[in-house]
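>>> Give me the fold of what follows.
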Amino acid sequence: MGSDAVGAYGNATNYGTYGVGGTGAYGSGPTGVAGIGSGSGSVGVYGGGSSYGVYSDGNFATSGTKAAVVALPDDRVISLYAVESPENWFEDFGSGQLSNGVAAIELDPTFVRTISPEAGYHVFLTPNGDCHGLYVANKTVTGFEVRELGGGKSNVAFDYRIVAKRKGLESLRMEQVSNEHDVAEGIRQFIAQRASHLPHLVLHKQFEQPADASALPTPPRFEAPANPAPAIVLPLRPAIPPPAVQPPKPPVLPKLPQLPAPPMATRPGQGNEPK
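Residues are numbered from 1 along each chain as shown. The predicted structure follows:
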């Protein structure tokens with residue numbers, strides 16, 4: 001396939017419909033939709049949308065990094081990486097001010113509904129002025145109290161950070177998802193090569209829409225089976241070619257099964273010549 005070629009294209013016109021849907025039959029490591037990008041700046045699966053480019057109705061995992069790509073005023077585009085944790089934490093930030101050495105902080109009610117304050121939470125305080133120091137005197141499910149050390153009576157302002165367990169996932173901590181050597185070695189090799197690999201962002205052109213978009217048939221609603229979710233099996237990623245200098249020898253990893261070639265399609269209003 002050539003430049004800007006697309007392996008699979010789907011168009012959804014109504015709310016709640018899907019342009020492309022894939023279902024992996026329940027068993028050992030099924031894959032509903034697989035995409036592999038093998039060249040420099042390639043993308044295995046690309047999604048664009050005004051709300052979500054990619055939305056996962058379930059768990060999301062990656063053996064690489066999770067980054068926000070930010071465009072700077074000088075046209076440099078950089079990555080800012082997500083902070084990972086062994087547990088599922090939600091956090092919030094705010095500011096307050098002591099009055100005669102005491103302040104009461106009320107948690108955001110909406111934030112409280114996403115966490116489990118009964119399981120305990122952490123509060124980190126930073127005074128914004130000279131004082132004897134601050135401490136948390138009391139914690140409840142709706143807020144906490146801040147006091148100055150040594151019975152101080154200052155009116156200093158302060159910032160705080162609160163970290164709490166996500167509601168419903170309080171007991172999860174570093175779940176094991178695999179114990180296979182090939183899976184672990186594939187991840188190690190990817191990380192070793194990623195350290196010296198500079199990603200290259202390639203913007204994808206918007207897909208051309210037919211002149212009469214209303215002529216497109218409404219895609220059927222895609223429904224996933226209601227069976228219980230299978231055990232997580234990490235698919236192996238193909239090794240990224242290393243730099244020319246001191247190339248490491250990539251391991252021999254299992255390959256993803258070959259997907260059947262899709263039938264050639266034509267767009268409405270055009271001839272029968274495949275695109």
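
>>> could you show me where the strands are in the chain, in order?
67-71, 77-81, 89-97, 102-106, 121-127, 134-139, 143-148, 157-165 (DSSP state E).

>>> how about the helices in the protein?
Listed in chain order, the helices of the chain (DSSP state H) span 109-112, 181-194.

>>> low-confidence ranges in the chain?
1-31, 37-41, 197-199, 201-275 (pLDDT under 70).

>>> Could you chop it up by domain?
1-86+204-275, 91-165 (automatic domain parsing).

>>> what about Leu169, neighbour count?
Counted with other CB atoms under 10 Å, the neighbours of Leu169 add up to 13. Every residue, glycine included, has its C-beta placed from N, CA and C.

>>> What of Leu107?
Neighbours around Leu107, by other CB under 10 Å: 20.

>>> ok, it - contacts?
Applying CB atoms under 8 Å, 6 or more residues apart in numbering to Leu107 gives the contacts 92, 117, 142-144, 162.

>>> For the closest residue in space to Ser79 that isn't next to it in sequence, list the residues it contacts.
Excluding the flanking residues, the one nearest Ser79 by CB to CB, 6 or more residues apart in numbering is Ala67, at 3.9 Å. Going by CB under 8 Å, 6+ apart, Ala67 touches 79-82.

>>> how about 10 Å then?
78-82, 199 (CB atoms under 10 Å, 6 or more residues apart in numbering).

>>> Most neighbours out of the residues you listed, which is it?
If you count neighbours using other CB under 10 Å, the busiest of the contacts of Ala67 is Pro199, which has 15 neighbours.

>>> Buried members of the contacts of Leu107 into PyMOL, please.
To isolate the buried ones among the contacts of Leu107 in PyMOL, judged by 16 or more other CB atoms under 10 Å, type:
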select buried, resi 92+117+144+162
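
>>> how about the contacts of Leu107 in CSV, adding distance to Glu185?
Listed next are these as CSV, based on distance: CB to CB, whole Å:
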residue, distance to Glu185
Asp92, 39
Pro117, 42
Thr142, 49
Gly143, 49
Phe144, 46
Ile162, 40
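
>>> which among the contacts of Leu107 gets closest to Ser51?
Asp92 (23.2 Å; CB to CB).

>>> give the contact list for that closest one.
107-108, 110-112, 114-115, 121, 160-164.

>>> again, only this time at 7 Å
108, 111, 162 (CB atoms under 7 Å, 6 or more residues apart in numbering).

>>> Quick one: the residues you listed as TSV, columns for distance to Gly133 too.
Listed next are the contacts of Asp92 as TSV, based on distance: CB to CB, whole Å:
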residue	distance to Gly133
Asp108	26
Phe111	26
Ile162	19
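
>>> And these, which is closest to Asp130?
Ile162 (24.3 Å).

>>> For the closest one, give its distance to Tyr52.
Separation of Ile162 from Tyr52 (CB to CB, to the nearest Å) stands at 27 Å.

>>> Could you do Ile115 as well?
23 Å.

>>> more neighbours, those two?
Ranked by neighbour count (other CB under 10 Å), Ile115 and Tyr52 place Ile115 first, with 24 against 9.

>>> That one is in contact with Gly168, isn't it?
No: using CB atoms under 7 Å, Ile115 is not in contact with Gly168; the gap is 9.9 Å.

>>> okay, now His132: neighbour count?
15.

>>> That one contacts Leu149, correct?
Yes: if you go by CB under 7 Å, His132 and Leu149 touch, sitting 4.4 Å apart.

>>> distance of Glu175 from Ala82?
Following CB to CB, the distance that separates Glu175 from Ala82 is 18 Å.

>>> mind listing what the nearest residue to Leu134 once chain neighbours are set aside touches?
Spatially, and ignoring its direct neighbours in sequence, Leu134 is nearest to Leu125 (4.5 Å; CB to CB, 6+ apart). Shown in contact with Leu125 (CB under 7 Å, 6+ apart): 134, 146, 158, 160.

>>> Report the separation between the nearest residue to the third one once chain neighbours are set aside and Ser116.
I take that to be Phe158. Closest residue in space to Phe158, ignoring its immediate chain neighbours: Pro127 at 4.9 Å, by CB to CB, 6+ apart. Going from Pro127 to Ser116 by CB to CB gives 29 Å.

>>> Please apply the same query to Leu125.
22 Å.

>>> Identify the residues contacting Phe144.
Contacts of Phe144 (CB under 7 Å, 6+ apart): 105, 123, 136, 138.

>>> Understood, closing this out.
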